[in-house]
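[1] just coords:
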């Protein structure tokens, strides 16, 4: 049975699963859909064309599905889509998309989003990410699976953060972080491969060693960006017999090859 506190305001057009919990003084708008097992804390606002999956946990005072902070926005019915099993803590704000992009902000599943985080319009967040308190990302940012954002970090619009990458606390990021790389500083610069994180996630010694070699090619060998891409592509071919390693090297290569803002160097 849906548990809605007497002080909460839930629009009659909102679609809530039968076991959703809504805390005191929270507000749920007419175009909101909330999946089974999701809990919404007190004083939280969920509005806009927002679809939320199963077993999410929203803490107090979160602002979800608000209009984008974009001066071109004119009230178009853009969307926010949130997956399953996310933890979204106090005072977090996540906005809907804009028609200048795909019109949708997406947050995947199993993410841990701490207090005071801001996820702006049109951002695309993968799965299993961690946003430490007060991490702030501007519009159109992509954060890929298993990435970690340090506390009080700031990310420029259109930047991409690759899988298993890590951005240190109080960092300012203005270009892409390749997968598996640790970055930190103002402005953020590369500081090696996220070795400990990869070990915890079951990466083999061989794969980690190959990624460290790819990092060396890109950052330490004095090669131009174009020449480094060629050498890393050769590494993918050379490791073809080790499918997991070749796959991760290809991910590294393809990410940097697709960069439009450039990567941190």
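    Here it is on my side, so go on. Source: prediction; values computed, not measured.
[2] Return the set of buried residues in stretch 114-132.
    Across stretch 114-132, burial judged by 16 or more other Cβ atoms under 10 Å covers 114-132. Just so you know, the C-beta spots here come from the backbone N, C-alpha and C atoms, and that holds for glycine as well.
[3] What's the end-to-end length of it?
    Its first and final residues considered, stretch 114-132 spans 5 Å by Cα to Cα, to the nearest Å.
[4] gap between that stretch and the chain center?
    5 Å (Cα atoms, centre = their mean, to the nearest Å).
[5] which residues touch residue 130?
    The contact partners of residue 130, by Cβ atoms under 8 Å, 6 or more residues apart in numbering, come to 111-112, 114, 147-149.
[6] er, residue 73 I mean
    67, 98, 121.
[7] let's see it at 6 Å
    Residues near residue 73 by Cβ atoms under 6 Å, 6 or more residues apart in numbering: residue 98.
[8] Report the beta-bridge partners for the most centrally placed residue in the chain.
    By Cα atoms, centre = their mean, the chain has its centre lying nearest to residue 125, at 3.0 Å. Taking DSSP bridges as the rule, residue 125 bridges to residue 107, residue 143.
[9] what's the pLDDT at it?
    Listed pLDDT for residue 125 reads 99.
[10] pretty sure it contacts residue 110?
    No - between residue 125 and residue 110 there is no contact under Cβ atoms under 6 Å: 11.0 Å.
[11] Okay, now the unreliable bits of the chain?
    Residue ranges of the chain with pLDDT under 70: 1.
[12] Helices along the stretch 1-150 of the chain, start to end?
    Counting by DSSP state H, counting those that start in this stretch, the stretch 1-150 of the chain yields no residue ranges for helices.
[13] Just the strands from the stretch 101-250 of the chain, written as ranges.
    All strands of the stretch 101-250 of the chain, identified by DSSP state E, counting those that start in this stretch, fall at 104-107, 112-113, 118-119, 124-125, 130-131, 136-137, 142-143, 148-149, 154-155, 160-161, 166-167, 172-173, 181-185, 188-193.
[14] Give me the residues contacting the fourth one.
    Residues lying outside strand 124-125 but in contact with it, judged by Cβ under 6 Å, 6+ apart, are 106-108, 142-143.
[15] Make a ChimeraX selection of the buried ones in those residues.
    The command below creates a ChimeraX selection of those among those that count as buried (16+ other Cβ under 10 Å):
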select :106,107,108,142,143
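[16] And the contacts of strand 124-125, which is closest to residue 19?
    residue 107 (21.3 Å; Cβ to Cβ).
[17] ok, the closest one to residue 228 distance?
    Residue 107 sits 33 Å away from residue 228, going by Cβ to Cβ, to the nearest Å.
[18] can you check residue 190 too?
    Taking Cβ to Cβ as the measure, residue 190 falls 13 Å from residue 228.
[19] Identify the residues contacting residue 114.
    Neighbouring residues of residue 114 by Cβ under 6 Å, 6+ apart: 89, 131-133.
[20] now residue 197: how far from residue 246?
    Separation of residue 197 from residue 246 (Cβ to Cβ): 20 Å.
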